[in-house]
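# Fold the following and give me the result.
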Amino acid sequence: MAAIHPALTVNNIRNFIPLILDLETGQYTSWVKLFTIHCTVYEVLDHILPTTAPSSFSTANKEKQHDASSTTVLASWDRLDAVVKQWIYGTISHNLLMNVIKPKATAKETWDAIAHLFQDNQAS
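Coordinates of the predicted model:
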């Protein structure tokens, strides 16, 4: 039986992160805490904070992506990254989404774009 990455089992991110992040709500810190907890539980924190130790799933995945003879099928890094981006997009406002959505951006790049917007807002 093939291993299924835990992140692929999340059906509704709003069950875990009930906030809708918006530039005007001031809930960025709470959203970040909830989001990082969620990513830690589902072993994809390294998609938004790559300095963290990679999960065993993502490490094994990177090693096996190019091993065609492997009998264990794990989700690819790109697929997991897309899942994390879906989670981000599903927990932010439409206006914020329009500011950060970019073609071919990674979850980390999207995460950083959001952080930049809120850090710039705090500075002004």
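# Quick check: longest helix in the chain by residues?
helix 107-123 (DSSP state H).
# For that one, name the packing helices and strands.
helix 77-90, helix 94-100 (3 or more CB pairs under 8 Å, 6 or more residues apart in numbering; DSSP states H and E). In this view, the C-beta of every residue, glycine as well, is placed from N, C-alpha and C.
# got the angle for that helix vs helix 77-90?
Between helix 107-123 and helix 77-90, the angle comes out at 30 degrees (axes from the mean of the first three to the mean of the last three CA atoms, to 10 degrees).
# what does helix 107-123 rub up against?
21, 23, 28, 47-50, 81-82, 84-85, 88-89, 92, 96, 99-102, 105 (CB atoms under 8 Å, 6 or more residues apart in numbering).
# Narrow the residues you listed to just the buried residues.
21, 23, 28, 47-48, 81, 84-85, 88-89, 92, 96, 100 (16 or more other CB atoms under 10 Å).
# Need the max-distance pair from those residues.
Maximum pairwise distance in the buried ones among the contacts of helix 107-123, criterion CB to CB, is 24.4 Å, between Leu23 and Asp81.
# before we move on, back to that, can you list the helices and strands packed on helix 107-123 in JSON lines and add mean pLDDT and distance to Phe118?
Below are the helices and strands packed on helix 107-123 laid out as JSON lines (pLDDT from 0 to 100; distance: least, CB to CB, whole Å):
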{"stretch": "helix 77-90", "mean pLDDT": "95", "distance to Phe118": "13"}
{"stretch": "helix 94-100", "mean pLDDT": "96", "distance to Phe118": "9"}
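# CSV for these, including distance to Tyr42?
Listed next are those as CSV, based on distance: least, CB to CB, whole Å:
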stretch, distance to Tyr42
helix 77-90, 9
helix 94-100, 21
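# Once you drop chain neighbours, what's closest to Leu49?
Thr36 (7.1 Å; CB to CB, 6 or more residues apart in numbering).
# Now do the same contact list for the one you found.
So Thr36 contacts Leu45, Ile48, Leu49 (CB under 8 Å, 6+ apart).
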